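Chemist: sequence below, structure please.
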Amino acid sequence: MTEPAPASRPAKIPIAGPWITEKEIEYVSDAVKTAWYGEANTYQQRFEEAFGNYVSRRHAMALPSATSAIHLALAGLGIGPGDEVIVPDATWIATSAPITYVGATPVFADIEERSWCLTPAALEACTTSRTRAVIVVNLYGGMPDMDTVLAITERRGLAVIEDAAESVGAEYRRRRAGSFGDASVFSFHGSKTLTTGEGGMLLTDDDALYERALVLRDHGRAPGPKQFWNQEIGFKYRMSSLQAALGLAQLERIAELVERKRTIFGWYREGFDGLNGVTLNYAGPMVMNAYWMVTAVIGPEYRIAKEAMMDALGAQGIATRPFFYPLSSLPAYAATPQARAAQERNRVAYSVSARGINLPSALNLTHEQVAFVCDAFRDVLKKRQAA
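Modeler: From the prediction side, this is the model:
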């Protein structure tokens, strides 16, 4: 495997970033030259077909973002006002915002302490007569107990959307992330393992859902001979040829991209060896974690808030991110009845979030940089204990 070129004199050890080679440059250059007129959708079609095959899904639709993919999935399933959709409390707002787009109500459920993903017990407890769907999030590259989650949703008659935005290359029981539920979504943001700069993908095996999403994503235009004839108000959710060309090249290198992420995590595991009270990303016996973002949760015995740790590392040129704040704590939701209820019951999400940070996880990191981060992290905790 070739090594990615290190960033040229970065101001900080970067939190995230891609691995771009001549293949990506070649594909995008070709798209600039050729993907017009009758060939305008060539790269989108190639990317969709290849990604669908990679995830083992019948249908794949290239889109501007994972947010738009969740929106299309919810709209395509007919979810709307009066309906409830369960989401894990610890995730980015892109997972929950589309629930509001369609007029439904997000219900925030607690997470599992090790995987940081939706816990089946919380899913069960949050399900009501109004619940129509659950969005399962593969947080930071890990995956939840899908067997139990799917057993609950089947018994309760709930639709399942797998938010695999952060987990390309992950597996559960040797099934790839993105192959579960009624629909699944991926993000190809510039921070992701596989990037198109901005972009996303909606995948499904449901023919009716796919056909409905095709109409909704293109201004409500149904296939047919009559041009510019809109049957309804839809959305403008399409990926450009240039993005698709970049994504296709990245997908053809996906094995080495995922392996690089796993190598970087291995360096962190080595650097944190013997450090008590600090937990890194967990992979259960049925999960192959893709380690999109290496995350450290600091034990309460250190009595240090995540923001203080981030400030201390930032002073040494180390870029970090906070573990996602619980959705129910955000100003966007905090005044709603669902958020107030979640603030009372979702103890794990609130506890883990308060103590977790994302560490530098860019694909061009070197072993030396990771070792520096680990040493700096240890030093902050040592000083904290001595204070």
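
Chemist: what packs against the strand ranked longest in the chain?
Modeler: Using DSSP state E to define each element, the chain has its longest strand at strand 131-137. Applying 3 or more C-beta pairs under 8 Å, 6 or more residues apart in numbering; DSSP states H and E, one finds that strand 131-137 contacts strand 84-88, helix 146-156, strand 159-163. To be clear about C-beta, it is placed using only N, CA and C from the backbone, and glycine gets the same treatment.

Chemist: same question for the second one, mean pLDDT?
Modeler: So the one you mean is helix 146-156. What helix 146-156 shows for mean pLDDT is 98.

Chemist: and the helix or strand of the chain with the lowest mean pLDDT, what's buried?
Modeler: Lowest by mean pLDDT, DSSP states H and E among the helices and strands of the chain is helix 367-386, with a mean of 94. Neighbour counts over helix 367-386 (16 or more other C-beta atoms under 10 Å) mark 369-370, 372-374, 376-377, 380-381 as buried.

Chemist: count the neighbours of G80 for me.
Modeler: Residues lying near G80 (other C-beta atoms under 10 Å) number 13.

Chemist: ok, the one 4 residues further on next?
Modeler: Residue crowding around E84 was assessed by other C-beta under 10 Å; the count is 21.

Chemist: so it bridges to which residues?
Modeler: T105, T131 (DSSP bridges).

Chemist: wait, doesn't it sit right on A104?
Modeler: Yes: under the criterion of C-beta atoms under 8 Å, E84 makes contact with A104 at 6.6 Å.

Chemist: quick one: common contacting residues for the two?
Modeler: R132 (C-beta atoms under 8 Å, 6 or more residues apart in numbering).

Chemist: what sits against T119?
Modeler: Neighbouring residues of T119 by C-beta under 8 Å, 6+ apart: 109-112, 144-145, 348.

Chemist: which of those residues sits closest to A151?
Modeler: Checking those against A151 with C-beta to C-beta, the nearest one is D145 at 9.6 Å.

Chemist: residue contacts, the spatially closest residue to the closest one that is not a sequence neighbour?
Modeler: In this structure, D145 finds its nearest non-sequential neighbour in P120, 5.8 Å apart by C-beta to C-beta, 6 or more residues apart in numbering. Going by C-beta under 8 Å, 6+ apart, P120 touches 144-145, 148-149, 152.

Chemist: roughly how far does the residue lying closest to D218 once chain neighbours are set aside sit from D147?
Modeler: Once flanking residues are discounted, D218 sits nearest to G234: 6.3 Å by C-beta to C-beta, 6+ apart. In this view, G234 and D147 are 36 Å apart by C-beta to C-beta, to the nearest Å.

Chemist: the two: which has the busier surroundings?
Modeler: Legend: neighbour count by other C-beta under 10 Å for G234 and D147, higher for G234 (19 against 12).

Chemist: pretty sure that one is touching R217, no?
Modeler: Yes: at 6.8 Å, G234 and R217 qualify as touching, with contact defined as C-beta under 8 Å.

Chemist: mind listing the strands for the stretch 251-387 of the chain?
Modeler: Secondary structure of the stretch 251-387 of the chain (DSSP state E, counting those that start in this stretch): strands located at 278-280, 287-288, 295-298, 321-322, 356-358.

Chemist: single out the most deeply packed of those.
Modeler: Of the strands of the stretch 251-387 of the chain, the one with the most neighbours on average (mean count of other C-beta atoms under 10 Å) is strand 295-298, at a mean of 24.

Chemist: name the residues that touch that one?
Modeler: Outside strand 295-298, the residues that reach it (C-beta under 8 Å, 6+ apart) are 116, 140, 272, 277-281, 304, 306, 309, 323, 352, 355-359, 377, 381.

Chemist: one more: stretch 271-283?
Modeler: 114-116, 140-142, 265, 268-269, 289, 291, 294-299, 301-302, 370-371, 373-375, 377-378, 381.

Chemist: how about stretch 373-387?
Modeler: Outside stretch 373-387, the residues that touch it by C-beta under 8 Å, 6+ apart are 13, 268, 271-272, 275, 278, 296, 298, 302-304, 309, 312-313, 316, 318, 359-360.

Chemist: so who does Y210 touch?
Modeler: The contact partners of Y210, taken as C-beta under 8 Å, 6+ apart, are 58-59, 61, 76, 204.

Chemist: how much space between it and L72?
Modeler: 10 Å.

Chemist: overlap of the contact sets of those two?
Modeler: Common contact partners of Y210 and L72 (C-beta under 8 Å, 6+ apart): M61.

Chemist: read off the pLDDT value for the closest residue to A362 other than its chain neighbours.
Modeler: Of all residues not flanking A362 in the chain, G17 sits nearest, at 3.8 Å (C-beta to C-beta, 6+ apart). pLDDT recorded at G17 is 97.

Chemist: ok, G17 touching L363?
Modeler: Yes: counting by C-beta under 8 Å, G17 touches L363, with 6.4 Å between them.

Chemist: show me the helices in the protein, by range?
Modeler: 22-34, 42-55, 66-76, 97-101, 120-126, 146-156, 207-216, 241-251, 254-271, 306-314, 337-345, 347-355, 367-386 (DSSP state H).

Chemist: how is the chain partitioned into domains?
Modeler: 22-251, 254-386 (automatic domain parsing).

Chemist: could I get the ones you listed in a markdown table, plus columns for distance to P4?
Modeler: Shown next, in a markdown table, are these (distance: least, C-beta to C-beta, whole Å):
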| stretch | distance to P4 |
| --- | --- |
| domain 22-251 | 12 |
| domain 254-386 | 4 |
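
Chemist: tell me which of the ones you listed sits most buried.
Modeler: Most buried of these by mean neighbour count (mean count of other C-beta under 10 Å) is domain 22-251; its value is a mean of 20.

Chemist: what about that domain, start to end distance?
Modeler: Taking C-alpha to C-alpha, to the nearest Å, domain 22-251 runs 14 Å from one end to the other.

Chemist: and that domain, how far out from the chain middle?
Modeler: 10 Å (C-alpha atoms, centre = their mean, to the nearest Å).
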